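Chemist: Structural data only, the sequence is not supplied:
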């Protein structure tokens, strides 16, 4: 194994972990809350609040995918969709008045904003899954050469 292979694997590992962290943190903290208080509390906004981790992990994963010549398009598109969906969530909340409180929670404005947030979370999850697929490919033993 060359140093380049080790570096690519390290990029893929760190990038994948950083992408999964914003997805798993709300679930794990909800379980902690359940154990402490007997009430499961899910902070569904946490993946959006932890976008810096998504961006850093996605950038590392794009770099690793480029170096490995595998899943580059899927990872890059997933990260792009996630970023655009998060911007759309923020713009939609501002335009509809949900961000300022001028519009009550509920109605089509709320549904649209939550739908865009769901798109963001799904895009992050898809990118994280491609990170796992990239790791599987990177750690796969080489095929024997036919003679």
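Modeler: On my side now, so go ahead. Note that the structure is a prediction, hence the values are computed from the model and not measured. Residues are numbered from 1 along each chain as shown.

Chemist: can you tell me which residues contact the nearest residue to residue 135 once chain neighbours are set aside?
Modeler: Counting by C-beta to C-beta, 6 or more residues apart in numbering, residue 135 lies nearest to residue 12, which is 5.3 Å off, once chain neighbours are set aside. C-betas here are computed from N, CA, C, even on glycine. For residue 12, the contacting residues are 60-61, 64-65, 68, 131, 134-135, 138, by C-beta atoms under 8 Å, 6 or more residues apart in numbering.

Chemist: Do you know the pLDDT at residue 12?
Modeler: Turning to residue 12, the model gives it a pLDDT of 96.

Chemist: Return the distance of whatever helix or strand it lives in from the chain's centre.
Modeler: For residue 12, the host element (DSSP states H and E) is helix 3-37. On the basis of C-alpha atoms, centre = their mean, to the nearest Å, helix 3-37 sits 10 Å off its chain's mean C-alpha point.

Chemist: center of this structure - which residue?
Modeler: For the chain, the residue nearest the mean C-alpha position is residue 124 (2.6 Å; C-alpha atoms, centre = their mean).

Chemist: Test my guess that it contacts residue 22.
Modeler: Yes: using C-beta atoms under 8 Å, residue 124 is in contact with residue 22, at 6.7 Å.

Chemist: Just give me the neighbour total for residue 29.
Modeler: 14 (other C-beta atoms under 10 Å).

Chemist: Since that was my last question, I'll sign off now.
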